[in-house]
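> Could you look at this predicted model? Sequence included:
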Amino acid sequence: MDRDKLIQQLENDPEIWDFIVIGGGATGLGTAVEAASRGYKTLLLEQHDFAKGTSSRSTKLVHGGVRYLRQGNVALVLEALRERGLLRQNAPHLVKNQSFIVPNYDWWEGPFYGIGLKIYDKLAGDLGLGPSKNLSKEETLEYIPTLEPDDLNGGVIYYDAQFDDSRLAINLLQTLFDQDGIGLNYMKVTGLLKADGFISGVKVEDQEGDHDLEIQGRVVINATGIFADNIRQMDNEKNKSLIQPSQGVHIVLDKSFQPGESAIMVPKTDDGRVLFAVPWHDRIIVGTTDTPLDEPSLEPRATEEEINFLLTHAARYLTKDPEPEDVLSVFAGIRPLVSPGGDDDTSSISRDHTLLIDPSGLVTITGGKWTTYRKMAEETVDEAAVVGGLDERESVTENLRLHGWLKNTEAADPYELYGSDALHLKKIASEHKEWGQPLHPNLPYTPAEVIWAARSEMARTVEDVLARRTRALLLDARASIEMAKPVADLLADELGRDEQWKQDQVTQYTELAKEYLLTS
Ligand SMILES: Cc1cc2nc3c(=O)[nH]c(=O)nc-3n(C[C@H](O)[C@H](O)[C@H](O)COP(=O)(O)OP(=O)(O)OC[C@H]3O[C@@H](n4cnc5c(N)ncnc54)[C@H](O)[C@@H]3O)c2cc1C
């Protein structure tokens, strides 16, 4: 995956792409894989790094959405449960079963949630991950020994799945290449090309150099999440805004706050929110919030109110109360909610996600969940093929194994998350005595991963490596700052960068990572 060579190829050998996808999050990567796997010539362009936006900032659940069941949205739950099962089959190295405990403090909660979760099991059918069950107080505390025992009546256990969001994004990128497509990061779409009023391509600015390109395509997909309005307004400045950004924040704690393998799910906090505390890479993620924002941002920041909410509620359900200095990292993501008063000139299929086709032929896909990215992509490519005048082809992604597919991974393997690529990482690690050793005592990541990320996962910066190829920034922001220098050295060797670049990278990364800490 040589980014520089790929850009040269685009410059020297201009061709007309069948699909140009703007946006390298779950939706764009999924759509590009969907198109390429049907044999369409596909190019994806991401303005920053893959999964820099919402797609690296989720709660890390592959789930049907118990919450939607409560809202009576059975069709949506059914679809998500089916997609959960497919993703479990197609990326077993990344998607794992996860048990959840709903603690019951009121007498009615046991029967109420017990019945609801039985319905959830039934909807999952053959793709279910295990039967839900009511638990006594003692059993509940066996699963979560640090759960607040006062007034606890018992609990309900149910099963969903969990994954690593940005690792899945990178595997989708690699799958895109495996299917003869191309994906490029740090390529920002700055304008749309038109012929006779119809979109015929995109203007692109290389964020690393001065390669401004015009690229022709038969159909252009706008998969830019919270930035979808910007692209629609490049098409027609009169297009009304559709997106109402809403922020969700998580805090990360060490496992002493919640030992064991089970997650906690609180269906309704006293102010009506859903709260999760989920084990992830040997830490606990607590989230989330729902705060309307005026503007989209690639680096959203948690508000004091959001952090207080999470700390207070974590303290309410756990015996050990977390303090700001216990927070290893705090990260925020933004949901691209579609406001109902949007543009009414466009045809809209609206469920959890929204697919819009503008009169110019611009196809916008937004909303939804990571869990349902494949189904969203399938619908998008079906519609877009017609818009682009392409021959219609059947989807093959239901059974398409994603890059890295490996059924029986070993939790003890330090490169487990890489699935079938673990072999390559081990080979790199064996080439130098230090390359298999962790770069920091608090985190498992090795130089081999940095080298692999640069060679085979298109990592371009220290942040790409520490935030999304590995998850150091989310797991321990302070430790990740201490890793910045050695990571910059390794990356500079791989990418041919000089001393100044290394210094700039360390400074930029340190500034960014400090924002993920609550105390200095
Ligand atoms: C707090 C929170 C928790 C969540 N938890 C879960 C969960 O547990 N499970 C689940 O299934 N779902 C979850 N979701 C939903 C899920 O994360 C999103 O549905 C999904 O990540 C959206 O992906 P996307 O590709 O549409 O958007 P994004 O990931 O934001 O991708 C859009 C991309 O477009 C790029 N872009 C923008 N403008 C341009 C341009 N001009 N040129 C090129 N590129 C451009 C951006 O840089 C960005 O990378 C959660 C969401 C939030 C906010």
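Nice, thanks for sending it over.
> CA atoms for contacts and neighbours, from now on please.
Will do.
> Go ahead and confirm Glu11 touches Ile215.
No - counting by CA atoms under 8 Å, Glu11 stays clear of Ile215, with 9.0 Å between them.
> So which of the two has more stuff around it?
Neighbour count, other CA atoms under 10 Å: between Glu11 and Ile215, Ile215 has more, with 20 against 15.
> residue contacts, the more buried one?
Taking CA atoms under 8 Å, 6 or more residues apart in numbering, we find Ile215 in contact with 14-16, 201-204.
> with those residues in mind, which one is nearest to Ala51?
Checking the contacts of Ile215 against Ala51 by CA to CA gives Val204 as the nearest, at 18.8 Å.
> which residues of the stretch 201-350 of the chain fall in strands?
212-222, 243-254, 263-266, 275-280, 283-287, 291-292, 329-338, 347-350 (DSSP state E, counting those that start in this stretch).
> Output the contacting helices and strands for the fourth one.
The one in question is strand 275-280. strand 263-266, strand 283-287 (3 or more CA pairs under 8 Å, 6 or more residues apart in numbering; DSSP states H and E).
> how about the residues of the stretch 201-350 of the chain near the ligand?
Residues of the stretch 201-350 of the chain lying close to the ligand (CA under 6 Å from any ligand atom) are 223-227, 247-249, 288, 333-335.
> Tell me which two in those residues are the farthest apart.
Ala223 and Thr288 (23.8 Å).
> Give me the more crowded residue out of the two.
Ala223 (29 against 24).
> residues near Leu193, how many?
17.
> can you pull the contacts of it?
Per CA under 8 Å, 6+ apart, neighbours of Leu193: 199-203, 214, 216.
> And for Lys118?
By CA under 8 Å, 6+ apart, the neighbours of Lys118 are 131-132.
> Tell me the secondary structure at the nearest residue to Ser420 once chain neighbours are set aside.
The spatial neighbour of Ser420 that comes closest, neighbours along the chain excluded (CA to CA, 6 or more residues apart in numbering), is Gly404 at 4.7 Å. Three-state call for Gly404 (DSSP: H, G, I helix; E, B strand; the rest coil): coil.
> Could you tell me which ranges of the chain sit under the pLDDT cut-off?
Residue ranges of the chain with pLDDT under 70: 340-351.
> What backbone torsions are found at the residue nearest in space to the middle of it?
The centroid of the chain falls nearest to Ser55 when counting by CA atoms, centre = their mean (2.7 Å). Main-chain dihedrals, Ser55, degrees, to the nearest 10: phi -70, psi -10.
> can you check the one 3 residues further on too?
Backbone geometry at Ser58, expressed as degrees, to the nearest 10, gives phi -80, psi 180.
> contacting residues around it?
165, 333.
> so how far is Lys238 from it?
For Ser58, the distance to Lys238 equals 32 Å [CA to CA, to the nearest Å].
> and if you look at Thr224?
For Thr224 relative to Lys238 (CA to CA), the value is 19 Å.
> Pick out whichever of those two has more residues nearby.
Thr224 (26 against 10).
> among the strands of the stretch 201-350 of the chain, which is nearest Gly39?
strand 212-222 (14.1 Å).
> what's the spacing between Pro149 and the ligand?
According to CA to the nearest ligand atom, to the nearest Å, Pro149 and the ligand sit 27 Å apart.
> Which element, helix or strand, includes Leu86?
helix 74-90 (DSSP states H and E).
> quick one: contacts of whatever helix or strand comes next after that helix?
Later in the chain than helix 74-90, the nearest helix or strand by DSSP H and E is strand 96-104. Strand 96-104 is contacted by residues 88, 110, 113, 129, 140, 143, 152-163, 261-267 when judged by CA under 8 Å, 6+ apart.
> Please check those residues and keep the buried ones.
88, 110, 113, 129, 140, 143, 152-163, 262-267 (16 or more other CA atoms under 10 Å).
> and the stretch 351-500 of the chain, which of its residues are near the ligand?
366-371.
> Of the residues you listed, which is the nearest to Thr31?
Closest to Thr31, out of all of those and judged by CA to CA, is Thr366, at 11.3 Å.
> ok, now which ones touch the closest one?
Thr366 touches 27, 223-225, 228, 336, 353-355, counting by CA under 8 Å, 6+ apart.
> From those residues, which land in helices?
27, 228 (DSSP state H).
> Report the buried members of the contacts of Thr366.
Buried among the contacts of Thr366 (16+ other CA under 10 Å): 27, 223-225, 228, 336, 353-355.
> tell me which of those is nearest to Lys133?
His353 (31.7 Å).
> For the closest one, give the beta-bridge partners.
Gly367 (DSSP bridges).
> Surely it touches Gly367?
Yes - between His353 and Gly367 there is a contact under CA under 8 Å: 4.3 Å.
> sorry, back to before: which of the residues of the stretch 351-500 of the chain next to the ligand count as buried?
Judged by 16+ other CA under 10 Å, buried ones among these: 366-371.
> what's near enough to touch the nearest residue in space to the residue nearest to the centre of the chain that is not next to it in sequence?
The shortest distance from Ser55 to any residue other than its chain neighbours is 5.4 Å, reached at Gly25 (CA to CA, 6+ apart). Contact analysis of Gly25 by CA under 8 Å, 6+ apart lists 50-55, 169, 223-225.
> Among the contacts of strand 96-104, which are located in helices?
Using DSSP H, the contacts of strand 96-104 in helices are 88, 110, 113, 140, 143.
> if we take these, which one ends up nearest to the ligand?
Of all the ones in helices among the contacts of strand 96-104, the ligand sits closest to Arg88, with 12.8 Å by CA to the nearest ligand atom.
> Next, count neighbours for the closest residue to that closest one other than its chain neighbours.
The shortest distance from Arg88 to any non-neighbouring residue, by CA to CA, 6+ apart, is to Val95 (5.4 Å). The number of residues packed near Val95 is 23, by other CA under 10 Å.
> what's the distance between Val95 and Arg57?
With CA to CA as the criterion, Val95 and Arg57 are 16 Å apart.
> likewise Ala513?
For Ala513 relative to Arg57 (CA to CA), the value is 14 Å.
> of these two, who's got more company?
Ala513 (23 against 20).
> surely the more buried one meets Ala477?
Yes - Ala513 lies in contact with Ala477 (CA under 8 Å); the separation is 5.8 Å.
> Who are the contact partners of the residue nearest to the centre of the chain?
With CA under 8 Å, 6+ apart, Ser55 has these contacts: 25-26, 165-166, 169, 370.
> Spell out which parts of the stretch 1-150 of the chain neighbour the ligand.
So far as CA under 6 Å from any ligand atom goes, the stretch 1-150 of the chain lies against the ligand at 22-28, 45-48, 50-55, 58-62.
> In strands only, show me the residues you listed.
22, 45, 61-62 (DSSP state E).
> Return the member of those residues nearest to the ligand.
Nearest to the ligand among these, with distances taken as CA to the nearest ligand atom, is Leu61, at 3.7 Å.
> Excluding residues flanking it in the chain, which one is nearest that closest one?
Gln162 is the one closest to Leu61 (CA to CA, 6+ apart), at 4.4 Å.
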